[in-house]
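Student: Make a model of this:
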Amino acid sequence: MTEYKIGSHRFRSRLIVGSGKYASFALQLEATRASGADLITVALRRVDLGKPKSENVLGYLPDGMTVLPNTAGCKTVDDAVTTARLGRELFGHGLVKLEVIGDDRTLFPDVPATLEAARILVSEGFEVMPYVTDDPVACQRLAALGCVAVMPLAAPIGSGLGIRNPANLRIILETVECPVIVDAGVGTASDAAIAMELGCTAVLMNTGIAGAKDPVKMALAMKLAIEAGRLAYEAGRIARRLYATASSPLDGLASF
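Tutor: So this is what the prediction gives:
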């Protein structure tokens with residue numbers, strides 16, 4: 001697949017994966033390799049940096065992958081900004097997935113806090129990728145602040161419900177110029193393909209792979225679905241019609 005950009009970074013795979021919820025680090029590594037992803041999120045608040053790499057997630061990442069520090073678990077602007085700064089120190093770049101959670105039950109983001117944290121981080125030179133609701137206005141405001149991508153949820157985190165509101169995603173795609181990356185709610189390969197067919201730049205998922213009965217096979221399925229969905233988007237689907245149209249032209253047929 002052709003390369004695309006998120007801020008100053010270039011990637012080939014349009015599948016972005018997470019690093020949590022696996023039964024073991026070895027399984028995480030095998031599934032990540034099968035996914036073909038070249039960008040992986042790491043929740044900084046859930047990594048014990050005092051342990052050697054062999055005992056934490058950072059020791060089980062495929063060679064050459066870009067780590068996307070994630071402020072998962074943060075509930076305030078200050079916590080999210082501080083965690084993002086830690087990620088920049090640790091990984092040497094300012095690309096960050098911004099999460100400020102507003103509700104423990106649904107894990108929906110706190111949109112006003114996300115906007116404020118994004119404003120601060122962008123002003124400090126970070127390349128911010130905010131997790132946000134599928135609200136076109138919120139996405140437009142985040143893009144206007146200078147975020148390098150917006151990441152609207154498809155459904156609640158870990159729910160596997162798939163794309164619940166494709167109409168909102170279409171509006172977001174039409175009204176922001178930065179990459180639109182579906183984040184959260186993808187449950188199976190068809191969900192990923194639908195997101196790509198809508199024109200999204202990429203899809204980020206964790207539970208959909210890590211929680212599958214066979215994460216390695218699901219990682220491969222997601223990889224192929226992302227590729228197929230992107231190709232279908234680029235190819236351009238036929239128009240939907242209420243009635244049939246003949247597959248073979250009827251004009252010029254011999255009469256008997």
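
Student: which stretches of the stretch 151-256 of the chain aren't confidently modelled?
Tutor: Within the stretch 151-256 of the chain, the segments meeting pLDDT under 70 span 248-256.

Student: can you give me the strands for it?
Tutor: Remark: strands assigned in the stretch 151-256 of the chain by DSSP state E, counting those that start in this stretch are 151-152, 181-183, 202-205.

Student: And stretch 140-155, what's buried?
Tutor: Of the residues in stretch 140-155, 140-143, 145-155 count as buried by neighbour count, 16 or more other Cβ atoms under 10 Å. C-beta coordinates here come from the backbone N, C-alpha and C atoms, glycine included.

Student: next one: stretch 33-42
Tutor: Buried, per 16+ other Cβ under 10 Å, within stretch 33-42: 33-42.

Student: cool, stretch 216-235 as well?
Tutor: Buried, per 16+ other Cβ under 10 Å, within stretch 216-235: 216, 218-223, 225-227, 229-230, 233.

Student: on that earlier part again, which of the buried residues of stretch 140-155 sit farthest apart?
Tutor: Between any two of the buried residues of stretch 140-155, the greatest separation by Cβ to Cβ is 27.5 Å, found for 146 and 155.

Student: what about the longest helix in the protein?
Tutor: helix 215-235 (DSSP state H).

Student: Can you classify the closest residue to residue 73 other than its chain neighbours by secondary structure?
Tutor: Nearest non-adjacent residue to residue 73, counting by Cβ to Cβ, 6 or more residues apart in numbering: residue 45, 4.4 Å away. The local conformation at residue 45, judged by DSSP: H, G, I helix; E, B strand; the rest coil, is helix.

Student: In helices, which of the buried residues of stretch 140-155 fall?
Tutor: In helices, defined here by DSSP H, the members of the buried residues of stretch 140-155 are 140-143, 145.

Student: Between these, which sits nearest residue 55?
Tutor: Nearest to residue 55 among these is residue 142, at 36.1 Å by Cβ to Cβ.

Student: Show me which positions of stretch 7-14 end up buried.
Tutor: 7, 11, 13-14.

Student: So for that stretch, first residue to last residue, what's the gap.
Tutor: One end of stretch 7-14 sits 15 Å from the other (Cα to Cα, to the nearest Å).
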